[in-house]
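Novice: Just a sequence and a predicted model for now, questions to come.
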Amino acid sequence: MLKSSLTPKVENKLNRRCDLASTFDVQSINQHEFQVTDGSRNYLVDLQQMTCTCNVFNVDKIPCKHAAKAATSRDFNPGLYMHQYYSKANIGAAYSESIRPIDEFLEASEIPPHVVAYKWFPPDLKEVLEDL
């Protein structure tokens, strides 16, 4: 039995999505694009661009149920269409360095400039939520 390179939580999520997609119909448009019918709704999946018109795949970069069905319809492993940050190797690398707490009274002048300059913004989900 091969060991998965995905974290267990992500692997379980992908397996659930594959199970939910078992009854969907798939029409291949080309090598990477598919139309997936989920009940009365159609979704366009592009495995190469990691997108689906449901927007779930676009946001979390884990194949949505439509993308999972598109991949399995061609006997592709849906786990190959995930962002690399879900791999065990990248999760391990993220925690490989020691993280030291800083003094809460640390003066701003003592914080390294590259840390002060770093900006981290959450993804803009407004458009995605409006489409749902």
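Specialist: Looks like it came in fine.
Novice: Tell me the buried residues in whichever helix in the chain runs longest?
Specialist: For the chain, the helix that runs over the most residues, judged by DSSP state H, is helix 8-20. Residues of helix 8-20 classed as buried: 10-11, 13-14, 17-18 (neighbour count, 16 or more other C-beta atoms under 10 Å). Quick note: C-beta positions are derived from backbone N, CA and C, even for glycine.
Novice: next one: stretch 56-63
Specialist: Buried-residue list, stretch 56-63, by 16+ other C-beta under 10 Å: 56-59, 62-63.
Novice: what's the most distant pair in these?
Specialist: 59 and 63 (12.0 Å; C-beta to C-beta).
Novice: quick one on the thing from earlier: pLDDT for the buried residues of stretch 56-63 - can I get that in JSON lines?
Specialist: Listed next are the buried residues of stretch 56-63 as JSON lines, based on pLDDT from 0 to 100:
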{"residue": "56", "pLDDT": "95"}
{"residue": "57", "pLDDT": "94"}
{"residue": "58", "pLDDT": "93"}
{"residue": "59", "pLDDT": "92"}
{"residue": "62", "pLDDT": "93"}
{"residue": "63", "pLDDT": "95"}
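Novice: out of those residues, which one sits closest to residue 87?
Specialist: Nearest to residue 87 among the buried residues of stretch 56-63, with distances taken as C-beta to C-beta, is residue 62, at 11.9 Å.
Novice: can you pull the pLDDT of the residue nearest the centre of the chain?
Specialist: For the chain, the residue nearest the mean C-alpha position is residue 61 (2.0 Å; C-alpha atoms, centre = their mean). Per-residue confidence at residue 61 stands at 92 (pLDDT).
Novice: Touching, it and residue 87? I think so.
Specialist: No. With contact defined as C-beta atoms under 8 Å, residue 61 does not reach residue 87; the gap is 11.7 Å.
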